[in-house]
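Novice: Any chance you can model this:
(one chain, ligands or ions: 1)
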Amino acid sequence: MVRLLLTCSGVLSKRLKYPFFIILMCSLVNDTDAQTKSNFIRILDTDSENDIIKKAVNVVPSARQLRWQQLEMTAFIHFGINTFTGREWGDGKESPSLFNPSGLDARQWVKTCKEAGFKLVILTAKHHDGFCLWPSRFTEHSVKSSPWKDGKGDVVKETADACREYGIEFGIYLSPWDRNSSTFGSEAYNDFFVNQLTELLTNYGRIGEVWFDGANGEGAEGKKQRYDFKRWYSLIRKLQPEAVIAVMGPDIRWVGTEKGYGRDNEWSVVPGDALMPDKIASESQKDVSFAPVDMTDKDLGSREKIVKAKSLVWYPAEMDVSIRPGWFYHASEDDQVKSPKKLLDIYYGSVGRNGTLLLNLPPDKRGLIHENDVRSLQYFKKELDRRFKHNILKDALSSPGTRKLTDNDIKTNVVLKGDKGQVLEFDFGKDCAFNTLVLQEDISRGQRVEELIVECMENGRWKTIAKIGTVGYKRIIEFERISSNKLRLTFAKTRGTIFIGEAGLYNT
Ligand code: FUL
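Specialist: Residues are numbered from 1 along each chain as shown. As a prediction, the model looks like this:
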């Protein structure tokens with residue numbers, strides 16, 4: 001029989017209301033609390049540091065951001081003309097006749113993803129070369145000019161249909177930079193882009209994510225394009241209101257590398273100064289990155305950063321990485337597919353560090369995810385399931401209050417008031433071996449944990465086994481295997497009352 005002790009210390013932070021200066025960028029999370037919670041809050045010149053921290057705890061995800069975060073694992077499919085030329089970036093001059101997969105099977109892509117635990121698949125409908133994987137009415141540079149299926153095929157449709165069949169979400173990657181379009185560099189290009197976006201958002205059912213690539217090169221004769229992001233974003237909101245917009249859009253932030261790892265302290269509440277709506281509209285992607293600050297900065301959301309901010313926004317990280325060195329398939333990389341061990345490490349470093357993983361699986365010239373990639377993913381999933389099968393806390397916990405920590409629902413939470421030193425203590429009644437702790441904050445209440453100390457009982461004394469910073473949506477903490485009858489979590493520093501949604505203890 002296990003006992004769970006909840007101890008509170010510190011001062012109960014008062015809930016302040018800021019009815020006059022809250023600006024809502026996206027949807028409210030909780031209508032009954034409409035005046036205090038939003039995914040965007042302005043900071044006033046008169047706000048003290050304490051006021052700013054209190055505002056930070058009321059910055060919460062929009063409904064679409066919360067849904068997206070809970071997907072945890074999402075997949076990228078890079079496929080297109082580059083698959084057939086062996087390049088990573090095409091120049092737009094490639095002949096569509098090169099596109100001729102011998103056995104394209106989008107169901108195999110989606111089945112592979114589904115079985116490996118992915119919840120959303122994003123297809124490169126158009127990469128920088130401008131070649132469209134759907135028969136767009138607005139260009140000839142597409143599958144309709146290719147020999148594949150005598151020009152009658154539609155890869156976007158096949159992928160969207162497969163996602164529906166397997167019950168996972170579908171998303172589209174549409175490169176703003178188009179090296180084929182003759183209008184690139186003029187206002188007409190924005191109309192062309194809107195037309196293509198409209199096709200993708202209306203003809204293929206529900207879209208869960210729209211991914212606009214950050215690469216913004218030059219068109220013919222050095223022409224630059226001023227992208228009309230405001231128009232594109234409002235079109236998406238109108239046609240697919242549930243879709244999140246990445247990668248530097250209003251919903252999701254690029255983590256800052258293409259390696260698949262988050263920071264030690266990955267904050268979803270960050271300064272939103274560059275996200276001011278008036279700026280979003282007017283400048284090219286190169287001029288305004290929509291980044292709160294330098295996206296590669298080691299620290300984006302600590303107290304030090306947010307106390308200098310002019311606004312705060314919920315802007316969670318997406319960790320994109322390819323299973324191979326390249327984003328597109330190259331036969332020469334068949335022996336460089338990331339191992340199951342590496343994929344597990346990436347999982348711990350992304351999903352386990354308050355992020356969403358976006359893993360790229362590039363189909364080969366046949367139009368299939370290569371056997372080596374499939375094998376690696378299968379072993380990865382098997383090992384993941386094995387490691388997280390047996391939650392020691394689940395078996396042991398008995399009281400209804402503590403069951404909330406193991407019911408796979410982050411919204412049923414354990415509330416710990418105070419702003420430092422809150423304690424969760426678990427007594428197993430007998431020695432148990434473990435080496436991994438998984439914690440989740442109920443992020444619908446914000447991200448609040450700043451420092452956590454993990455201890456176990458050894459010979460009648462508490463021994464520190466891990467010290468970490470942020471938790472957020474999910475934190476996976478590994479330490480040396482130990483055997484103990486008690487575990488103590490001390491939230492050494494928090495931004496006020498914390499809401500722990502889930503907890504898991506494993507012997508992996
Ligand atoms: C980058 C692109 O240039 C790569 O080709 C790839 O699509 C990657 C996901 O984003 O910016």
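
Novice: So which residues on the protein come close to the ligand?
Specialist: 88, 213-215, 320, 327 (C-beta under 6 Å from any ligand atom). For every residue, glycine as well, the C-beta is placed using N, CA and C.

Novice: Buried ones among these?
Specialist: Using 16 or more other C-beta atoms under 10 Å as the burial test, these include 213-214, 320, 327 as buried.

Novice: could those residues be laid out in a markdown table, adding secondary structure and pLDDT?
Specialist: A markdown table is the format used below for those (DSSP: H, G, I helix; E, B strand; the rest coil; pLDDT from 0 to 100):
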| residue | secondary structure | pLDDT |
| --- | --- | --- |
| 213 | coil | 86 |
| 214 | coil | 74 |
| 320 | strand | 97 |
| 327 | coil | 98 |
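
Novice: Tell me who's in contact with the residue of the stretch 251-400 of the chain found nearest the ligand.
Specialist: Closest approach between the stretch 251-400 of the chain and the ligand, counting by C-beta to the nearest ligand atom: residue 327, at 4.3 Å. Neighbour list for residue 327: 76, 78, 88, 360, 362 [criterion: C-beta atoms under 8 Å, 6 or more residues apart in numbering].

Novice: in what helix or strand does the last one lie?
Specialist: This points to residue 362. Secondary structure from DSSP states H and E places residue 362 outside every helix and strand.

Novice: and if you look at the first one?
Specialist: For residue 76, the element it lies in under DSSP H and E is strand 73-77.

Novice: CA atoms only for that strand - export them in CSV, please.
Specialist: The C-alpha trace of strand 73-77 is given here as CSV (Å, rounded to 0.1, in the frame of the first residue of the first chain):
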residue,chain,number,x,y,z
MET,A,73,5.2,12.5,-32.4
THR,A,74,4.6,13.8,-35.9
ALA,A,75,6.2,12.8,-39.1
PHE,A,76,7.5,14.6,-42.2
ILE,A,77,7.4,13.1,-45.6
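
Novice: looking only at pLDDT, what's the mean for that strand?
Specialist: For strand 73-77, mean pLDDT is 98.

Novice: Give me the contact list for that strand.
Specialist: Taking C-beta under 8 Å, 6+ apart as the rule, strand 73-77 contacts 109, 113, 116-124, 159, 171, 173, 209, 318, 320, 322, 327, 347, 351, 356-363.

Novice: now with 6 Å?
Specialist: Outside of strand 73-77, the residues within contact range by C-beta atoms under 6 Å, 6 or more residues apart in numbering are 109, 113, 117-118, 120-123, 357-361.

Novice: so, if you compare the residues you listed, which one comes nearest to residue 379?
Specialist: For the contacts of strand 73-77, the minimum distance to residue 379 (C-beta to C-beta) is 12.7 Å, reached by residue 117.

Novice: Using the three-state scheme, assign the closest one.
Specialist: coil (DSSP: H, G, I helix; E, B strand; the rest coil).

Novice: show me what contacts it?
Specialist: 73, 381.

Novice: which intervals of the stretch 301-450 of the chain have sub-threshold pLDDT?
Specialist: 396-401 (pLDDT under 70).

Novice: from the residues of the chain next to the ligand, which is closest to residue 419?
Specialist: For the residues of the chain next to the ligand, the nearest to residue 419 is residue 320 (35.0 Å; C-beta to C-beta).

Novice: Name the nearest residue to the closest one, ignoring sequence neighbours.
Specialist: residue 358 (4.2 Å; C-beta to C-beta, 6 or more residues apart in numbering).

Novice: where along the stretch 1-150 of the chain do the helices fall?
Specialist: Assigned by DSSP state H, counting those that start in this stretch, the helices in the stretch 1-150 of the chain fall at 49-56, 63-69, 81-85, 106-115.

Novice: Report the two of the contacts of strand 73-77 separated the most.
Specialist: 117 and 123 (18.6 Å).

Novice: helix or strand right after whichever strand or helix holds residue 321?
Specialist: In this assignment (DSSP H and E), residue 321 forms part of strand 317-322. Using DSSP H and E, the helix or strand that follows strand 317-322 in sequence is helix 340-350.

Novice: neighbouring contacts of that next one?
Specialist: So helix 340-350 is contacted by 260-262, 319, 357, 376, 379-380, 383, 476 (C-beta under 6 Å, 6+ apart).

Novice: For that helix, buried residues please.
Specialist: 340, 343-344, 346-350.

Novice: And for stretch 155-174?
Specialist: 155-163, 166, 168-174.

Novice: From those, which land in strands?
Specialist: 169-174 (DSSP state E).

Novice: now, which of the residues you listed sits nearest residue 505?
Specialist: residue 169 (30.7 Å).

Novice: isn't that closest one right next to residue 120, touching?
Specialist: Yes. If you go by C-beta atoms under 6 Å, residue 169 and residue 120 touch, sitting 3.9 Å apart.

Novice: Now do the shared contacts for the two.
Specialist: With C-beta under 6 Å, 6+ apart, residue 169 and residue 120 have common neighbours residue 208.

Novice: pretty sure residue 490 is touching residue 454, no?
Specialist: No. Using C-beta under 6 Å as the test, residue 490 is too far from residue 454 to be in contact (8.2 Å).

Novice: can you pull out the strands in the stretch 251-400 of the chain?
Specialist: Taking DSSP state E, counting those that start in this stretch to define them, one finds strands in the stretch 251-400 of the chain at 253-254, 269-271, 311-314, 317-322, 355-360.

Novice: most packed of the ones you listed?
Specialist: strand 269-271 (a mean of 28; mean count of other C-beta atoms under 10 Å).

Novice: State the mean pLDDT of that strand.
Specialist: 91.

Novice: Against residue 64, how distant is residue 312?
Specialist: Between residue 312 and residue 64 the computed distance is 19 Å (C-beta to C-beta, to the nearest Å).

Novice: no, scratch that, I was asking about residue 123
Specialist: Relative to residue 64, and taking C-beta to C-beta, residue 123 is found at 20 Å.

Novice: again with residue 305
Specialist: Remark: distance between residue 305 and residue 64 (C-beta to C-beta) = 25 Å.

Novice: Please identify which of those two sits among more neighbours.
Specialist: Applying other C-beta atoms under 10 Å to residue 305 and residue 64 shows that residue 64 carries more neighbours, namely 22 against 18.

Novice: Report how many residues lie close to residue 121.
Specialist: 27.

Novice: Contacts only, for it.
Specialist: Residue 121 touches 75, 110, 113, 163, counting by C-beta under 6 Å, 6+ apart.

Novice: Name the member of the residues you listed with the shortest distance to the ligand.
Specialist: Each of the contacts of residue 121 was checked against the ligand using C-beta to the nearest ligand atom; the closest is residue 75, at 12.2 Å.

Novice: and residue 463, bridged to which residues?
Specialist: residue 456 (DSSP bridges).

Novice: how many other residues sit next to it?
Specialist: 13.

Novice: Residue 106 now?
Specialist: 24.

Novice: Just the pLDDT at it, thanks.
Specialist: 99.

Novice: swap in the one 10 residues further on?
Specialist: Per-residue confidence at residue 116 stands at 98 (pLDDT).

Novice: swap in the one 3 residues further on?
Specialist: For residue 119, the model assigns a pLDDT of 98.

Novice: same question, residue 254
Specialist: Note on residue 254: pLDDT of 89.

Novice: now it: how far from residue 97?
Specialist: Distance from residue 254 to residue 97, by C-beta to C-beta: 35 Å.

Novice: Likewise for residue 235?
Specialist: 32 Å.

Novice: partners of residue 142 in the sheet?
Specialist: Going by DSSP bridges, residue 142 forms beta bridges with residue 132.

Novice: burial count for residue 224?
Specialist: Residue 224 has 14 nearby residues by other C-beta under 10 Å.

Novice: Which helix or strand contains it?
Specialist: Applying DSSP H and E, one finds residue 224 in no helix or strand.

Novice: hmm, back to that, name the helices or strands packed onto the strand holding residue 321?
Specialist: strand 355-360 (3 or more C-beta pairs under 6 Å, 6 or more residues apart in numbering; DSSP states H and E).
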